[in-house]
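Engineer: coordinates only, sequence not included:
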């Protein structure tokens, strides 16, 4: 009897329902507020700033594309594979001819069939040599063109890679992994040339592996330099004019339709270190709720010579 | 008497909902420590330009301080629970009402302030995680105690506890499934690259925490509505001083408690497991894949311990499993060193992980049996039966050990191993050097192995076995029959 009275006094089920929906509402509010305030793609000025900052801090125009239209619908790496790697790897594949040719020779150079002796016996040192060989070419390519024309950079770089690899290994073997490894190592080295490196020691022997190096930025701006990037100005652009001039073929390769774009903005992003300043005009477009940099409308060349 | 022995008090659904409640609690409390560590280290203040050395040392201190807060709270909450007298019981109010602030505080752990001031960031980490730890104690400790109050029938109680313990251990890994599913949904909704960008900003952790927080609310509310406390509380007052005294005046209980302290470093593998998943298996989503073989090993180990206990004393069983544990971890280390930190290591690593998991069955089961034996010994010597205090004392040592583990783990990971934090807003985890990867393996294998050996040392001084145990058990039965306590309990 006493127990029944207690249960009448406190309705456990009602309490549970109120708590569940109350906490659900609170969690949704916290997640929504935090996600919308933190997720860079929801803030066009942050997208523009991140794009410029990634390039100016380490000269990394390659990874800056992760904030661009190019990465809207799929992984950046998959885009590179489809348009720039597979065409190189499968350059001699002829579907029509292959259909009527009774040949045992595999199609595409990412096959063990094409591995020569040097590839089979490589412990990584030849691959390292290939990366070192490619670096001056990469540096020259970026000095001349920057990363704004990714089509030119990828095409030229991978063509050169095929050529250099064949000279070094003596075979035609090629995979996307080889291509990514070489390119990304060169991108990293390029960044280290700007920022400098610290002394590195072998953990087991204590022997010094590499010495501290002074980067171009330290030489230009002094020790403890700090590059600051900020959005200086922001303007809405006319969507119709933008769409009239947009490269539809490029959009198609990004798996985007013109109709997806609902707004376009232009940002003047200023980057400075002491008295040195550079300004870049970045165009960002809105698709759904997210914003992406239109790299075709953005000239970042000033950032690659920031240390000069 | 025999009628009373078989009388069952709990509805079948109550046994299930008790387990569901513990599953819910473990879902959140199992998720928080490791993912908080990675959130603080890798995402909370990314791009703010804070000194990485100061930040990594701070994270170790945050977990140490929070652990000490947890140890103090363990006793304080135990004391408050024992002095709680409500119409719903002494434990239920703590779980049913405490879970709301716990869920909200847990969520706020993953909402770092947008500050460029490193001091503010550090203070925030200390405050928010200590708050989480305190609220966690206020819910988790009472929830774990509920088993002793759910039924006066010891057999029914044991059965409920074992089912609930199983569901609790499943719940502890639930967060790994949550992050996997959240990742898949985010990929589908945002596209792969945009998901990678969001992951680089720690936003998948935010959503996963919300899911776990909602999970604890849902599951503990089911428990809160359906379960009843059936063992009437006594009117004896319990003091904090007594709790500590009981542990320090009984040699055997002290030795069992000291195993926790001596072996505190065996748990550091948990801190690094996330990074082993990232750098060995290729994704943090695969932490489940990494720990699943170990979890299965633990379940099998629990069964094995019961078999071994039938042939050997608790003391011998504990020592045998410790030696086995240290050996299996050492083998895992040697095999890993031999193969190297590459894809070829994945399969042998996962297989050996299963064998390493077997030892955990021992640490889950044997100390609890030993404590029960110690309670008998205390009753034999003093005439007082003090389960609550004995478990609270053991819990105190566990919390202190856990504090050391949570401080040592992040220190080993973020400072000693030379771990490099990603500075790219769109890249979650930076590439690590071979030397760092090697040390990650050591934190997962050989370092815990050393502590597994250490944890066996106090048990060499444990003597509540053999003839002594038999004599005490017989004497206690005789005493209870003489003073009619058994009849009173059955009434």
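Structural biologist: That came through, no problem. Here the structure is a predicted model, which is why all the values come from computation and not from measurement.

Engineer: Enumerate the residues of the stretch 51-200 of chain A near chain B.
Structural biologist: A:54, A:63, A:66-67, A:71-76, A:78 (Cβ under 8 Å from any Cβ of the partner chain). Heads up, the C-betas are built off the backbone N, CA and C, glycines and all.

Engineer: Can you give me the neighbour number for the closest residue to residue A:195 other than its chain neighbours?
Structural biologist: The shortest distance from residue A:195 to any non-neighbouring residue, by Cβ to Cβ, 6 or more residues apart in numbering or on different chains, is to residue A:215 (4.5 Å). Close neighbours of residue A:215, defined as other Cβ atoms under 10 Å in any protein chain shown, add up to 18.

Engineer: Quick check: residue A:215 vs chain B, distance?
Structural biologist: 15 Å (Cβ to the nearest Cβ, to the nearest Å).

Engineer: ok so, going back, and the residues of the stretch 51-200 of chain A next to chain B, which of them are buried?
Structural biologist: A:54, A:63, A:66-67, A:71-76 (16 or more other Cβ atoms under 10 Å in any protein chain shown).

Engineer: possible to save those as a markdown table with secondary structure and pLDDT?
Structural biologist: Compiled in a markdown table, these are given as follows (DSSP: H, G, I helix; E, B strand; the rest coil; pLDDT from 0 to 100):
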| residue | secondary structure | pLDDT |
| --- | --- | --- |
| A:54 | helix | 92 |
| A:63 | helix | 92 |
| A:66 | helix | 91 |
| A:67 | helix | 90 |
| A:71 | helix | 87 |
| A:72 | coil | 88 |
| A:73 | coil | 86 |
| A:74 | coil | 84 |
| A:75 | coil | 87 |
| A:76 | helix | 90 |
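
Engineer: what's the closest of these to residue A:234?
Structural biologist: Checking those against residue A:234 with Cβ to Cβ, the nearest one is residue A:67 at 16.4 Å.

Engineer: so what's the closest one closest to, chain neighbours aside?
Structural biologist: residue A:51 (4.7 Å).

Engineer: What of residue A:169?
Structural biologist: residue A:118 (4.7 Å).

Engineer: Over to residue A:88?
Structural biologist: Closest to residue A:88 by Cβ to Cβ, 6+ apart is residue A:158, at 5.0 Å.

Engineer: Equivalent analysis for residue B:251, please.
Structural biologist: residue B:461 (7.1 Å).

Engineer: do residue A:75 as well
Structural biologist: Using Cβ to Cβ, 6+ apart, the nearest residue to residue A:75 is residue B:192, at 4.2 Å.

Engineer: Check residue B:257 too.
Structural biologist: residue B:397 (4.0 Å).

Engineer: for the helix or strand hosting that neighbour, packing partners?
Structural biologist: For residue B:397, the element it lies in under DSSP states H and E is helix B:387-411. Judged by 3 or more Cβ pairs under 8 Å, 6 or more residues apart in numbering or on different chains; DSSP states H and E, helix B:387-411 is in contact with helix B:12-38, helix B:52-82, helix B:240-249, helix B:251-262, helix B:269-276, helix B:346-382.

Engineer: Show me what counts as buried in stretch A:230-249.
Structural biologist: For stretch A:230-249, by 16+ other Cβ under 10 Å, it's A:231, A:242, A:246.

Engineer: who's in contact with the helix or strand containing the second one?
Structural biologist: Here residue A:242, judged by DSSP H and E, is contained in helix A:239-245. Outside helix A:239-245, the residues that touch it by Cβ atoms under 8 Å, 6 or more residues apart in numbering or on different chains are A:258, A:261-264, A:283, A:285.

Engineer: what's the distance between that helix and the middle of its chain?
Structural biologist: Relative to the centre of its chain, helix A:239-245 is centred 26 Å away, using Cα atoms, centre = their mean, to the nearest Å.

Engineer: that older thread, pLDDT score assigned to the residue nearest to residue B:251?
Structural biologist: pLDDT, residue B:461: 94.

Engineer: Three-state assignment for residue A:267, please.
Structural biologist: strand (DSSP: H, G, I helix; E, B strand; the rest coil).

Engineer: what residues are up against it?
Structural biologist: Counted by Cβ under 8 Å, 6+ apart, residue A:267 has contacts A:44-45, A:48-49, A:231, A:233-235, A:281-284.

Engineer: tell me the contacts of residue B:102?
Structural biologist: So, once contact is read as Cβ under 8 Å, 6+ apart, residue B:102 ends up touching B:28, B:132, B:135-136, B:138-139, B:216.

Engineer: Would you mind measuring from it to residue A:23?
Structural biologist: Here residue B:102 is placed at a distance of 10 Å from residue A:23 (Cβ to Cβ, to the nearest Å).
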